[in-house]
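*Asks:* have a look; sequence and predicted model below, questions after that.
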Amino acid sequence: MSEKILRAGVFGWPVEHSKSPKLHGFWLNRYGVDGSYVLLPARPEDFESEVRRLAAAGWRGANVTIPHKEAALSLADRATDRARAIGAANTLIFDEGEIVADNTDGFGFIENVRAGSPWRSDRPAAILGAGGAARAIIWSLIEAGAPEIRLTNRTRDRAMRLADELRPKVRIIDWDDRASGLDGAGLIVNTTSLGMTGQPPLELDLSVAPPDAVATDIVYTPLITPFLTAARARDLPVVDGLGMLLHQARPGFEAWFGVAPEVDDALREVILAS
Ligand code: ATR
């Protein structure tokens, strides 16, 4: 069954905080698409049946956020290589009854860094944190040609598990020794929740970082975290985390609505104000 209005949305639980409706709504309006993008709150036990119901009803697809990202991958009929490698999906595309899973988080990360800085992908990258975001980012950095990933995490075991899956390019560095991973690095990435409003700041001695190492944070509330403030004080190029959210949305919008959307300052302003 096909509908005139192209429909998509974002699944999560809770999902009220999601900025995705604002983001896709901005693009729908800008490109004059006859489409809609809505919040899709779904409890874990209802997620799969809700996805199948919308796919059968002719919806175009959906974004997926916490806690459904792994379930989204396992229920899909097909998955992109990057979704399979990352082990989670943030984007579902309904293709004539088939459910296709993709993961665009790493794509969003790389596009944001490339758009916002003179990043040298041929140098080692230092990653702080080993959660779900780190997994997507590390995978995309390896794909982009980073010769070495220096991974440090408060809980070393978690970093080791991630490194086991993504080796051989990942080297573990002790959390207490984390500053040493910045020596010769081209990119320094905070994927921990440190620096988020209400959380303690990330403490990181930047003195051994090369003067052109790019500093970036996946935290975007506040937009400029204490880590990015410290990087700016040392004149390092800095990329804030909001752009990752904006860029990860591009492949889904294009697949559902048929237009390749652009990230620009007008979009940033709208999302920042929301
Ligand atoms: P996500 O999957 O979204 O990346 P997560 O699994 O909650 O989020 O991961 C949060 C990251 O922030 C982890 O790397 C976590 O370190 P642990 O694995 O040791 O828990 C890190 N983190 C959170 N609070 C921290 C703190 N106070 N000090 C150091 N690292 C912290």
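*Replies:* Sure thing, it's come through. Predicted model only: the values in this text are computed from it and were never measured.
*Asks:* in terms of pLDDT, where does the residue nearest the centre of the chain sit?
*Replies:* By CA atoms, centre = their mean, the chain has its centre lying nearest to Asp105, at 3.1 Å. Per-residue pLDDT puts Asp105 at 97.
*Asks:* what residues sit buried inside stretch 19-26?
*Replies:* Residues 19-21, 23-26 are the ones in stretch 19-26 that count as buried (16 or more other CB atoms under 10 Å). C-beta coordinates here come from the backbone N, C-alpha and C atoms, glycine included.
*Asks:* can you verify my assumption that Gly108 contacts His247?
*Replies:* Yes: using CB atoms under 8 Å, Gly108 makes contact with His247 at a distance of 3.9 Å.
*Asks:* still on that earlier bit, gap between the residue nearest to the centre of the chain and Gly58?
*Replies:* From Asp105 across to Gly58, the span is 27 Å (CB to CB, to the nearest Å).
*Asks:* contacts only, for the residue nearest to the centre of the chain.
*Replies:* Going by CB atoms under 8 Å, 6 or more residues apart in numbering, Asp105 touches 86, 90, 133, 136-137, 140, 244, 248.
*Asks:* just the buried residues from those residues, in PyMOL please.
*Replies:* Buried residues within those, by 16+ other CB under 10 Å, are selected in PyMOL with:
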select buried, resi 86+90+133+136+137+140+244+248
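*Asks:* the contacts of Asp105: which two are farthest apart?
*Replies:* Using CB to CB, these reach their maximum pairwise distance at Ile86 and Met244, which is 14.3 Å.
*Asks:* so Leu39 lies in a strand, does it not?
*Replies:* Yes: counting by DSSP: H, G, I helix; E, B strand; the rest coil, Leu39 falls inside a strand.
*Asks:* ok, now which ones touch the residue nearest to it when sequence neighbours are not counted?
*Replies:* Nearest non-adjacent residue to Leu39, counting by CB to CB, 6 or more residues apart in numbering: Val15, 5.2 Å away. Contacts of Val15 were listed using CB under 8 Å, 6+ apart, and they are 39-41, 65.
*Asks:* need the residues you listed in a markdown table (columns: distance to Val33).
*Replies:* Putting the contacts of Val15 into a markdown table (distance: CB to CB, whole Å) gives the following:
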| residue | distance to Val33 |
| --- | --- |
| Leu39 | 19 |
| Leu40 | 19 |
| Pro41 | 24 |
| Thr65 | 22 |
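*Asks:* what comes up buried for stretch 81-97?
*Replies:* Using 16+ other CB under 10 Å as the test for burial, stretch 81-97 gives 82-83, 85-94.
*Asks:* which residues touch the closest residue to Leu236 other than its chain neighbours?
*Replies:* Excluding the flanking residues, the one nearest Leu236 by CB to CB, 6+ apart is Ala215, at 4.9 Å. Ala215 sits next to 188, 206, 209, 227-228, 231, 236-239 when contact means CB under 8 Å, 6+ apart.
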